[in-house]
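Undergrad: Need coordinates for the following:
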Amino acid sequence: MISLAAAAVPPESTQQAIGYPSLFLLVMIGALVPVVPTGALVSSAAVVAFHQTAPFSMLLVFGVASLAAFVGDVALYWLGQRGMSSKNGSRWLEAIRDHAPEDRLEQAQAKLADNGVTVLVLSRLVPAGRIPVMLACLMARWPLRRFARGDIPACLAWAVTYQLIGILGGSLFQEPWEGVATAVGLTLVISTVPILWRRMRGPAA
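TA: Model (predicted):
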């Protein structure tokens, strides 16, 4: 029975061949469409890598996740720029605006004017903070190159943070699926609690 169960589990090389491209694609799509819980994806991948014996698994998760987030961010910013320069706008620009409430946008614009790139770096670590800051950059007419330079450390810090959450979840349990469930739960709590708190306080708070 043990041998049959072991045979049913794909080898690590197969898991990596499927897992890393899938992680890249999902994180990139999540950066373009801000409804996919990309932090939970990275944390889950970190749990799986934590339980693997293959060398550099954790480093590969970090590299793939940060690169995918960067590519998605830059692509969305470029699409937003096209919308800003068009008389009729674009559906991508409208999607960015829909995820940037007026009060959050005003805060992002004020902080961006005072602190510049630092705000862009921190925005990826704050739940629902990325899109308002990105829109503020668009409205400030930041060139794509300037945005990309600031987004590199932002994506690196984001990938490290959620990977550490995954490592924490993976280290608590022997079974990978238990660590994955814990990591997903932690990331969802981190992502949703601040948003719910702001909604409970109301726009005037």
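Undergrad: Go ahead and confirm residue 121 touches residue 150.
TA: Yes: between residue 121 and residue 150 there is a contact under C-beta atoms under 8 Å: 6.5 Å. Backbone N, C-alpha and C define where each C-beta goes, glycine included.
Undergrad: give me the number of residues near residue 147?
TA: By other C-beta atoms under 10 Å, 22 other residues sit near residue 147.
Undergrad: From residue 23, how far out is it?
TA: Taking C-beta to C-beta, to the nearest Å as the measure, residue 147 falls 24 Å from residue 23.
Undergrad: Give the buried residues for stretch 122-139.
TA: Neighbour-count burial for stretch 122-139, counted by 16 or more other C-beta atoms under 10 Å, picks out 122-125, 127-138.
Undergrad: And the helices in the protein?
TA: For the chain, the helices defined by DSSP state H cover 2-8, 12-32, 38-50, 57-85, 91-98, 102-115, 117-123, 130-139, 144-171, 176-201.
Undergrad: Comparing those, which comes out most buried?
TA: helix 38-50 (a mean of 27; mean count of other C-beta atoms under 10 Å).
Undergrad: counting contacts, what elements does it pack onto?
TA: If you count contacts as 3 or more C-beta pairs under 8 Å, 6 or more residues apart in numbering; DSSP states H and E, helix 38-50 packs onto helix 12-32, helix 57-85, helix 144-171, helix 176-201.
Undergrad: where in this structure is pLDDT low?
TA: 1-18, 53-55, 87-89, 170-205 (pLDDT under 70).
Undergrad: outside of stretch 99-110, which residues touch it?
TA: For stretch 99-110, contacts defined as C-beta atoms under 8 Å, 6 or more residues apart in numbering pick out 34, 119, 123, 128-129, 131-136, 139-140, 203.
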